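Q: Generate coordinates for the sequence data below:
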Amino acid sequence: MTDINTPSRPKWFLVISILALIWNMLGLMAFISHIMMTPEMLAKLPEAEQELYAHTPLWADSAFAIAVFAAVLGSILLLWKKAIANSFFVLSLIAILVQDYYAFFVIDSISVLGLSSITMPSIVLTIAILLILLTSKAEQKHWLH
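A: Next up is the predicted model:
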């Protein structure tokens, strides 16, 4: 049952919410692949990348986990039209920033992986910010409850 005073949500809102969930599920799959990497899989990587994997601290992997799980939960809450989705997207963004700090300042991944290592983190960061802006707008328009 819909409250007569609740403004109707545009159709694109549902489409974006579904795409956000798909995107963040892909991030979750990337995290699972990262933590499930076997020694055989690791041995196939270039030596410099093997070193990065071997010395990744728990806090960096934890930031990755928090980023993806918070984003997936935020996406589910967005589909359910819950305003608290924004808090999960903010938590995810903070974890992404911690993860990027590790990648770009602690281990200098650009020197190991090259300039192309900036591409995916930049896309992830941009989408995280856009999801926060979307949920903020949706809250202002009372599309979320």
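Q: only C-alpha atoms for contact and neighbour calcs from this point on.
A: Will do.
Q: Show me where this structure dips below the pLDDT cut-off.
A: Per-residue confidence for the chain (pLDDT under 70) gives these ranges: 1-6.
Q: And the helices in it, which stretches?
A: According to DSSP state H, the chain carries its helices in the segments 11-35, 39-43, 47-54, 58-79, 85-101, 109-113, 119-140.
Q: The fourth one to helix 85-101, inter-axis angle?
A: Calculated by axes from the mean of the first three to the mean of the last three C-alpha atoms, to 10 degrees, helix 58-79 forms an angle of 150 degrees with helix 85-101.
Q: name the helices or strands packed onto helix 58-79?
A: Helices and strands touching helix 58-79, by 3 or more C-alpha pairs under 8 Å, 6 or more residues apart in numbering; DSSP states H and E, are helix 11-35, helix 85-101.
Q: and with 10 Å instead?
A: Helices and strands in packing contact with helix 58-79 are listed as helix 11-35, helix 85-101, helix 119-140; criterion 3 or more C-alpha pairs under 10 Å, 6 or more residues apart in numbering; DSSP states H and E.
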